[in-house]
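K.L.:
My questions concern the predicted model and sequence given below.
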Amino acid sequence: MGDRPMGARRQADEASERATFWDEKFGRNPELFGTAPNAFVAAQAHRLAPESRVLELGAGEGRNAVFLALLGHDVTVVDVSPVALDGARRLADEKNADLTLVRADASRWHPGAHWDAVVTTFLHLLPEDRPRLWQRIDDLLVPGGLLIGLFFRPEQRTEGYTSGGPPTPDRLVTLDELHAHYADWTFHVAEAPETHLSDGMMEGPAAVVQVVAQKPG
Ligand SMILES: C[S@@+](CC[C@H](N)C(=O)[O-])C[C@H]1O[C@@H](n2cnc3c(N)ncnc32)[C@H](O)[C@@H]1O
């Protein structure tokens, strides 16, 4: 590790710290976010063409991925936490769903493949890492591919919501940030509502951004 540039070392440390953090959380509380898909993902799934190749980044224990696989999509999940991926494997086996599981840092993963859609819910990286994540999403999608994304926005912390999310607002996401990065994309959905979460330990009113954005064809 000693001869790697500082930036690469810091990133590796952050990814391994995140893996440990989430391994412990999922280890203590399996099915932390439940086994049902997130409501926004379920509501937007009709936009996916039949048998789409779908990639879920930061998929946790696979609740969205399994739901999408059971709709007939070909689903790959990426997560940094091996314990999360064990949970996804368990849920997939229980529901008889087929998933491809990959352990990787989503902001650094270069598989050399492309997907029709990327789904991501509550993947909250540091501000210095997010531009790379947004770029990875762009690179991983085919032309015309869809991003279905859901994140807490800063008001989740600054306005005292208690339904979950990172402890500080710097990891949270605004619509402006997404619009700025995906300036030439078509946003079919771009909302910053107060929603109600029923996602396992994330329960109650929440300040979120939710997007369905399409990469130029
Ligand atoms: C709040 S959980 C959400 C899990 C899932 N999306 C859901 O809604 O049930 C965040 C997930 O992102 C994963 N994660 C955090 N940083 C990551 C990174 N850099 N690359 C891939 N996964 C990451 C964590 O391991 C965890 O499973």
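P.N.:
All right, it came through fine. Numbers count the residues shown, from 1 in each chain.

K.L.:
Every contact and neighbour count from this point should use C-alpha atoms.
P.N.:
Noted.

K.L.:
Skipping its backbone neighbours, what lies nearest residue 35 in space?
P.N.:
Spatial nearest neighbour of residue 35, chain neighbours left out: residue 63 (4.9 Å); criterion: CA to CA, 6 or more residues apart in numbering.

K.L.:
residues touching the one you found, list them.
P.N.:
34-38, 88, 91 (CA atoms under 8 Å, 6 or more residues apart in numbering).

K.L.:
Phi first, then psi, for it.
P.N.:
Main-chain dihedrals, residue 63, degrees, to the nearest 10: phi -60, psi -40.

K.L.:
Use 12 as the first number from now on
P.N.:
In the new numbering, first residue 12, that becomes residue 74.

K.L.:
center of the protein, which residue is that?
P.N.:
Nearest to the geometric centre of the chain sits residue 131, at 2.5 Å (CA atoms, centre = their mean).

K.L.:
Read off the pLDDT value for it.
P.N.:
If you check residue 131, the pLDDT there is 99.

K.L.:
Could you say which helix or strand holds it?
P.N.:
strand 126-132 (DSSP states H and E).

K.L.:
now residue 61
P.N.:
Per DSSP H and E: residue 61 is located in neither a helix nor a strand.

K.L.:
Surely it and residue 84 touch.
P.N.:
Yes. Taking contacts as CA atoms under 8 Å, residue 61 lies within contact range of residue 84: 6.8 Å.

K.L.:
Name the residue in the two with the higher neighbour count.
P.N.:
Higher neighbour count among residue 61 and residue 84: residue 84, with 21 against 11, using other CA atoms under 10 Å.

K.L.:
Backbone dihedrals for the closest residue to that one other than its chain neighbours, please?
P.N.:
In space, and not counting its chain neighbours, residue 84 is closest to residue 62: 4.3 Å by CA to CA, 6+ apart. Dihedral pair for residue 62: phi 60, psi 40, per degrees, to the nearest 10.

K.L.:
before we move on, what about residue 179?
P.N.:
When read as degrees, to the nearest 10, the backbone of residue 179 gives phi -120, psi 150.

K.L.:
Give me the nearest residue to it, chain neighbours excluded.
P.N.:
Closest to residue 179 by CA to CA, 6+ apart is residue 168, at 6.6 Å.

K.L.:
what helix or strand is the one you found on?
P.N.:
Assigned by DSSP H and E, residue 168 belongs to helix 166-169.

K.L.:
Now that helix: buried residues?
P.N.:
Neighbour-count burial for helix 166-169, counted by 16 or more other CA atoms under 10 Å, picks out 166-168.

K.L.:
Likewise for stretch 199-219?
P.N.:
Residues of stretch 199-219 classed as buried by neighbour count (16+ other CA under 10 Å): 201, 203, 205, 208-210, 213, 216-219.

K.L.:
Let me see the residues that make contact with stretch 55-67.
P.N.:
By CA under 8 Å, 6+ apart, the residues outside stretch 55-67 that reach it are 76, 79, 83-89, 126-131, 159, 223.

K.L.:
now stretch 66-85: how far from the chain's centre is it?
P.N.:
For stretch 66-85, the separation from the chain centroid amounts to 11 Å (computed by CA atoms, centre = their mean, to the nearest Å).
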